[in-house]
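Undergrad: I would like to see how this sequence folds:
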Amino acid sequence: MCIMAHVDHGKTTLSDHLIAANGLIHPKMVGELRYLDSRDDEQARGITMKSSSISLLYVPGAAQRPEGPRSVSHEEKLSAGFLVNLIDSPGHVDFCSEVSTAARLSDGALVVVDAVEGVCIQTHAVLRQAWEEKVKPCLFINKMDRLILELRLPPEEAAARITAIVAHANMIWSAFDSEHFMREADAVLAAEQQQQQQLQQARDGDGGEGADEAPQVPDQDSEDVFQPSKGNVAFGSAGDGWAFRLGQFAAMYSAKLGAKPAALAAALWGDWAYAPKERRVVRARGRAGQGGRRTMFVTFALEPLWRAYSVCDGEDAKAVLGPIVTSRGLSPQVPAKLLEGGDPRAALKAVLRAWLPLSEAVLGMTVEHLPSPAAAAPLRLPHLMDGGSNTALLGVAGSSSSSSSGHDLIADAGNAAEQQQQQQQLDEGTLAEVQQQLERTYSALCASSSDPDAPLVVFVSKMVSVPANLLPRAPGDAAAGGCGHAQGEVFLAFGRVFSGVAREGARVHVLSSAYDPRLPGQQRQSAVLRGLYLMMGRALERLPAVPAGNVCAITGLETAILKSATLAGSPAALPLAPMTFQAAPIVRVALEPSAPGDMAALAAGLKLLNRADPFVEVGLSEKGEHLLGAAGEVHLETVVKDLRERFARVDFQVSPPLVAFKESVLSGGNAVEGVAVKPARVVEAATPSGCCVQPPDSSEGAGAAAAAAAAAGLGELWPHITSSVESGATAGFQLAAGAGPLCDEAMWGVVFELEVRLLLPAQAAAAAGSATGLDLAESVYGPFSGQVMGAVAAACRRAVLEGEPRLVEALYLCQVQASAEALSGVYAVLGRRRARILAEEMREGSGAFVVHAYLPVEASFGLADEMRRRSSGAASASLLLSHWERLQVDPFFVPSTEEELEEYGSEAGGPANLARRLIDAVRRRKGLPVEEKVVAKATKQRTLKRNV
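TA: Below is the predicted model:
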């Protein structure tokens with residue numbers, strides 16, 4: 001199970017409570033220790049940056065016993081206990097790759113949502129990640145104490161807000177199922193717009209049904225993934241350590257109300273009220289206080305909690321909390337002197353933790369609603385096998401009576417026939433054996449078999465770097481894990497066993513995503529599992545073997561795996577599909593060592609960093625600089641710190657952030673109103689030798705061209721010409737698409753219609769069949785394919801310049817939450833950064849405003865600090881990569897008419913031109929020529945003082 005949420009929604013504090021339920025940390029340290037945040041910068045920033053794993057044991061009902069987990073015997077642990085592999089993932093958008101690695105290794109997800117902030121943009125992202133990985137989710141609405149103590153909402157309004165959050169999460173998931181929104185930003189904006197429309201309809205109503213503070217939600221049906229009445233939604237406060245599900249209150253009140261717990265749990269959610277005089281459940285009509293009844297969720301679930309929290313407003317703690325302790329039998333867990341003490345908040349926490357323990361609600365929901373590895377394997381396996389290069393080997397023939405596999409595996413004869421001419425192709429007999437082994441492996445994966453003789457399949461989602469002295473040593477080991485490193489770092493493969501049993505010392509086959517079992521000599525390496533470790537947060541425990549369904553760390557694979565791979569016990573296995581990330585590293589910096597002699601150490605450190613971070617990108621620029629790519633500003637700061645302190649251990653200089661742009665042309669569909677689009681012009685370019693070939697588009701054209709070539713005496717030379725032109729034209733297009741004419745950035749959204757023609761020289765016709773009549777001049781200008789490549793690249797670049805070129809920049813969807821007093825500062829910051837405001841609305845029930853805007857990535861650096869400084873800490877911004885957009889400014893615009901000079905000024909085509917300024921900055925960084933004035937004012941070169 002992985003925990004997913006937006007940043008600062010309480011994931012790590014929730015994890016601390018679950019860990020404390022196992023007795024690993026003291027209850028007083030919960031929320032302060034942040035056990036799974038093992039990095040110093042995580043503790044300093046207060047956010048999670050790396051996904052961490054820990055294994056927990058859950059015994060139902062143990063948390064409600066007076067002795068707690070200590071009262072569970074060893075026999076009860078083995079008979080009634082559940083092993084939960086918990087992975088805490090980051091919530092910051094810059095570390096979305098860690099969410100992908102956590103989701104791939106999990107069968108279920110616990111989505112945490114702040115009850116005050118609601119569903120945020122990163123909540124959309126993690127829900128999409130869970131949906132793409134076919135992970136079954138549960139919902140936990142956290143920080144409900146803020147509704148009571150900060151917003152001071154009555155129970156009725158709090159219930160409306162909670163109902164809206166559940167409905168919002170269900171709407172997002174249903175949108176994924178229908179694939180209605182192609183981009184995450186569209187889903188965020190559509191959800192906000194729908195909520196505003198529903199609120200407006202509610203305000204315009206007659207005050208009856210549907211005129212609540214939040215949109216009313218229809219009765220839940222089987223299509224909704226989050227249904228509190230079914231028990232897969234929990235409510236609570238990780239800060240105070242309590243949580244509940246509707247089933248818990250249904251069990252409390254079932255005997256008193258004379259109803260079955262299942263029926264009462266269904267009535268506790270929705271538009272249902274309890275009539276005490278009639279002793280039956282009726283439909284709640286209208287709003288409470290306006291002729292309508294309060295819902296049962298308000299009466300039986302929220303009002304007792306609101307009454308308990310009244311001790312924070314000066315109520316007598318013993319008078320309010322004493323009846324709860326007496327009626328629920330909590331005296332052994334809550335001493336009487338605690339209720340009589342002077343700290344009512346401490347007494348409240350103690351009573352609520354004993355009455356509604358958080359671990360019991362969350363882990364009970366996990367065990368009840370999230371699938372086990374054996375139950376999730378048949379559902380997730382089609383997705384895990386999709387995307388590989390060998391999925392054609394798997395053919396689903398329909399459901400079979402056999403419960404072990406349920407699928408028939410057949411070889412694709414067409415693909416096998418096409419690959420018979422490849423080297424290292426298996427013969428028919430060996431291929432049949434491979435097919436049998438594939439069937440056996442697939443059956444084991446479907447059942448998540450942990451039999452000793454089951455085929456071993458392990459997926460490694462990322463490589464984790466830890467200090468070598470943290471690895472526990474086995475007796476006789478010279479170095480920890482048998483793989484010490486000169487830098488003091490050891491790489492652990494963080495993965496999960498999907499089938500079989502991983503044993504220490506076993507030899508495995510490391511398969512890349514492009515591996516084909518019919519070509520076992522390619523895309524495959526061999527390695528030994530030198531050490532297996534159980535990850536317990538910041539600690540590691542060595543294990544001799546790990547069965548299927550468990551998460552572990554493996555040493556001995558640092559030379560065989562770069563970022564992720566599939567481990568198999570036999571070459572006759574298919575690799576699992578590679579992971580998909582929701583963003584791309586669009587922020588880059590150039591690195592240069594302070595001392596030239598440290599260049600080798602910097603290059604070696606970059607290689608280690610590239611392996612340790614699943615999302616980072618390293619490379620070389622055209623000028624030979626080392627480039628480092630990251631997802632965002634916070635991610636960049638983290639990886640630079642790791643490179644300087646852990647991997648390279650040398651001092652180096654970091655350039656300002658280099659933002660990636662793209663180049664395009666202005667088309668009629670995206671032109672600004674009033675701007676005429678020039679018609680497309682034909683651009684011609686010829687090879688230096690003057691010869692050019694047109695590849696035929698049809699069989700008739702091919703025959704005609706071959707006949708013309710034979711008549712011209714080019715029969716022997718014609719195959720060489722056609723192959724040279726085809727390869728040269730393709731390479732030329734790729735060369736032009738990778739480096740456009742404006743600033744050598746990749747092209748985007750441009751279609752080229754390419755026509756290549758053969759120009760026979762005059763002497764070729766006079767030669768009358770002489771094969772030497774066509775001179776390709778390869779001895780002078782190089783291979784003919786290179787000549788064609790250069791001509792095609794030049795033609796494509798010239799065509800872009802003739803077609804109204806435009807610069808394309810990446811845009812963030814920026815969501816700012818601020819108070820009313822901070823709105824002026826928020827708009828000032830966004831205005832200076834070229835942001836485009838999309839919407840502004842006020843959160844119902846609070847004074848907070850939410851502003852949505854499109855913000856260019858180029859102008860996003862330092863946004864959080866400036867926003868915090870201008871708003872005095874009353875505003876916070878969240879960013880989500882939205883899309884690429886053409887900058888509607890002509891970089892070559894020069895005002896010529898009187899109207900243009902009056903409107904734009906004489907300097908509109910120079911420094912004032914935004915597109916030209918961005919292009920010149922990129923060209924200057926890449927060392928390309930820039931058209932700029934060296935002498936601005938020749939009469940003032942001797943001094944720049946204004947008084948001269």
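
Undergrad: need the three-state assignment for residue 629.
TA: When classified by DSSP: H, G, I helix; E, B strand; the rest coil, residue 629 comes out as strand.

Undergrad: ugh, wrong one, I meant residue 642
TA: When classified by three-state DSSP, residue 642 comes out as helix.

Undergrad: then residue 330?
TA: Look at residue 330: counting by three-state DSSP, its state is coil.

Undergrad: got a pLDDT number for it?
TA: Looking at residue 330, its pLDDT is 88.

Undergrad: do the same with residue 81
TA: Turning to residue 81, the model gives it a pLDDT of 90.

Undergrad: wait, isn't it in contact with residue 56?
TA: No. Using Cβ atoms under 8 Å, residue 81 makes no contact with residue 56, being 10.0 Å away. For glycine as for every other residue, the C-beta is placed from the backbone atoms N, C-alpha and C.

Undergrad: who has more neighbours, those two?
TA: Using other Cβ atoms under 10 Å, the more surrounded residue of residue 81 and residue 56 is residue 56, with 21 against 17.

Undergrad: helices or strands next to the longest helix along the chain in the packing?
TA: Taking DSSP state H as the criterion, the chain has its longest helix at helix 155-178. Counting contacts by 3 or more Cβ pairs under 8 Å, 6 or more residues apart in numbering; DSSP states H and E, helix 155-178 is packed against strand 108-114, helix 121-132, strand 136-142, helix 145-149, helix 184-203.

Undergrad: try 10 Å
TA: Helices and strands touching helix 155-178, by 3 or more Cβ pairs under 10 Å, 6 or more residues apart in numbering; DSSP states H and E, are strand 108-114, helix 121-132, strand 136-142, helix 145-149, helix 184-203, strand 233-237, helix 303-308.

Undergrad: just the CA atoms of stretch 127-139, as PDB, please.
TA: C-alpha atoms of stretch 127-139 as PDB (Å, rounded to 0.1, in the frame of the first residue of the first chain):
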ATOM      1  CA  LEU A 127      -5.300   9.900  -8.400                       C
ATOM      2  CA  ARG A 128      -4.300   9.700 -12.100                       C
ATOM      3  CA  GLN A 129      -1.200   7.800 -11.200                       C
ATOM      4  CA  ALA A 130      -3.200   5.300  -9.200                       C
ATOM      5  CA  TRP A 131      -5.600   4.900 -12.100                       C
ATOM      6  CA  GLU A 132      -2.900   4.400 -14.600                       C
ATOM      7  CA  GLU A 133      -1.200   1.700 -12.500                       C
ATOM      8  CA  LYS A 134      -4.500   0.000 -11.800                       C
ATOM      9  CA  VAL A 135      -4.100   0.500  -8.100                       C
ATOM     10  CA  LYS A 136      -7.300   0.300  -6.000                       C
ATOM     11  CA  PRO A 137      -7.700   3.400  -3.900                       C
ATOM     12  CA  CYS A 138      -9.200   4.300  -0.500                       C
ATOM     13  CA  LEU A 139      -9.800   7.800   0.800                       C
END
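
Undergrad: quick one: contacts for residue 850?
TA: Taking Cβ atoms under 10 Å, 6 or more residues apart in numbering, we find residue 850 in contact with 117-118, 120, 192, 815-818, 839-843.

Undergrad: kindly apply the preceding question to residue 524 instead.
TA: Taking Cβ under 10 Å, 6+ apart, we find residue 524 in contact with 509, 510, 511, 512, 515, 516, 517, 560, 568, 571, 573, 575.

Undergrad: quick check: next helix or strand after the lowest-mean-pLDDT helix or strand in the chain?
TA: Sorting the helices and strands of the chain by mean pLDDT, DSSP states H and E puts helix 413-418 at the bottom, at a mean of 38. As assigned by DSSP states H and E, the chain's next helix or strand after helix 413-418 is helix 428-447.

Undergrad: for that next one, output the C-alpha coordinates as PDB.
TA: Coordinates of each C-alpha in helix 428-447 appear next as PDB, following Å, rounded to 0.1, in the frame of the first residue of the first chain:
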ATOM      1  CA  GLU A 428      11.700 -24.100 -33.400                       C
ATOM      2  CA  GLY A 429      12.400 -26.700 -30.700                       C
ATOM      3  CA  THR A 430      13.900 -24.200 -28.300                       C
ATOM      4  CA  LEU A 431      11.200 -21.700 -29.100                       C
ATOM      5  CA  ALA A 432       8.600 -24.200 -28.000                       C
ATOM      6  CA  GLU A 433      10.400 -24.700 -24.700                       C
ATOM      7  CA  VAL A 434      10.600 -20.900 -24.300                       C
ATOM      8  CA  GLN A 435       6.800 -20.700 -24.900                       C
ATOM      9  CA  GLN A 436       6.100 -23.300 -22.200                       C
ATOM     10  CA  GLN A 437       8.300 -21.400 -19.800                       C
ATOM     11  CA  LEU A 438       6.500 -18.200 -20.600                       C
ATOM     12  CA  GLU A 439       3.100 -19.900 -19.900                       C
ATOM     13  CA  ARG A 440       4.400 -21.100 -16.600                       C
ATOM     14  CA  THR A 441       5.800 -17.700 -15.600                       C
ATOM     15  CA  TYR A 442       2.600 -15.900 -16.600                       C
ATOM     16  CA  SER A 443       0.500 -18.400 -14.500                       C
ATOM     17  CA  ALA A 444       2.800 -17.700 -11.500                       C
ATOM     18  CA  LEU A 445       2.400 -14.000 -12.000                       C
ATOM     19  CA  CYS A 446      -1.400 -14.300 -12.200                       C
ATOM     20  CA  ALA A 447      -1.400 -16.100  -8.900                       C
END
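
Undergrad: how far out from the middle of the chain is that helix?
TA: Put simply, helix 428-447 sits 33 Å off its chain's centre (Cα atoms, centre = their mean, to the nearest Å).

Undergrad: mean confidence for the next helix-or-strand element following that helix?
TA: Remark: after helix 428-447, the chain's next helix or strand is strand 457-467, criterion DSSP H and E. Mean per-residue pLDDT for strand 457-467: 93.

Undergrad: partner strands of strand 457-467, with direction?
TA: Its sheet considered, strand 457-467 pairs with strand 489-499 (antiparallel), strand 565-568 (antiparallel) by DSSP bridges.

Undergrad: how about it: buried residues?
TA: Within strand 457-467, the residues that count as buried by 16 or more other Cβ atoms under 10 Å are 457, 458, 459, 460, 461, 462, 463, 464, 465, 466.

Undergrad: equivalent analysis for stretch 781-800, please.
TA: Residues 784-800 are the ones in stretch 781-800 that count as buried (16+ other Cβ under 10 Å).

Undergrad: can you check stretch 649-668 too?
TA: Buried residues in stretch 649-668, counting neighbours by 16+ other Cβ under 10 Å, are found at 650, 652, 657-667.

Undergrad: between the longest strand along the chain and helix 121-132, how many degrees?
TA: Determined from DSSP state E, the single longest strand within the chain is strand 805-819. Strand 805-819 and helix 121-132 meet at an angle of 110 degrees, taking axes from the mean of the first three to the mean of the last three Cα atoms, to 10 degrees as the criterion.

Undergrad: avg pLDDT for strand 805-819?
TA: Across strand 805-819, pLDDT averages out at 92.

Undergrad: from the contact counts, what lies against the next helix or strand after that strand?
TA: Counting by DSSP H and E, the element after strand 805-819 in chain order, helix or strand, is helix 823-832. Secondary-structure packing of helix 823-832 (3+ Cβ pairs under 10 Å, 6+ apart): strand 805-819, strand 836-842, strand 848-856, helix 863-870, strand 875-886.
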